[in-house]
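Trainee: Okay, here's the prediction I keep looking at, along with the sequence it came from:
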Amino acid sequence: MKKIFILTIALMAFSFVNAQDKINSIKAPMELKADEKITVSVDYTASEARSIILNLQLGEAPWTPYGFSTVDVPAGTGTKAIVLKVKPSIPVGSNYKISAVLTTANGTWNERIDVVTQPNVSAVK
């Protein structure tokens, strides 16, 4: 019985710590141009040092990527201004999305903890 109680407390503590790790919001331009640098503001909460991956990609299959940036963030709650360079090859269109991905420190998509996406981004001339 004591082991079950300790296991339950440990699981609750693990869930509480991981519940703190999240992308609270992102603010990104709704229009962008080929070959330009945009700044995306990402509000986050992290229980320990983490990384944020920023992706600009087509909003449907084949999910073609048109920009990528990664930054490290310390534990705590904060806002990070992340610069993303739009690829010159992005076609004019309105079905793009920008996603902020919270990962383990130096993590990849496979180690994602939370994702917030801004859809309906347009590439203009």
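Mentor: Noted; the coordinates are in hand.
Trainee: all strands of the chain, in order?
Mentor: 22-27, 31-33, 37-46, 50-58, 65-73, 76-85, 93-104, 112-124 (DSSP state E).
Trainee: Which of these has the highest mean neighbour count?
Mentor: Comparing those by mean neighbour count (mean count of other Cβ atoms under 10 Å), strand 50-58 ranks first with a mean of 21. Heads up, the C-betas are built off the backbone N, CA and C, glycines and all.
Trainee: Please work out the angle formed by the directions of that one and strand 76-85.
Mentor: Counting by axes from the mean of the first three to the mean of the last three Cα atoms, to 10 degrees, strand 50-58 lies at 40 degrees to strand 76-85.
Trainee: got the CA positions of strand 50-58 in CSV?
Mentor: Provided in CSV are the C-alpha atoms of strand 50-58 (Å, rounded to 0.1, in the frame of the first residue of the first chain):
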residue,chain,number,x,y,z
ARG,A,50,14.3,24.0,-23.4
SER,A,51,14.4,24.8,-27.1
ILE,A,52,11.8,26.4,-29.3
ILE,A,53,11.7,25.4,-33.0
LEU,A,54,9.9,27.8,-35.3
ASN,A,55,8.6,26.4,-38.6
LEU,A,56,7.0,28.1,-41.6
GLN,A,57,5.4,25.5,-43.9
LEU,A,58,2.7,24.8,-46.3
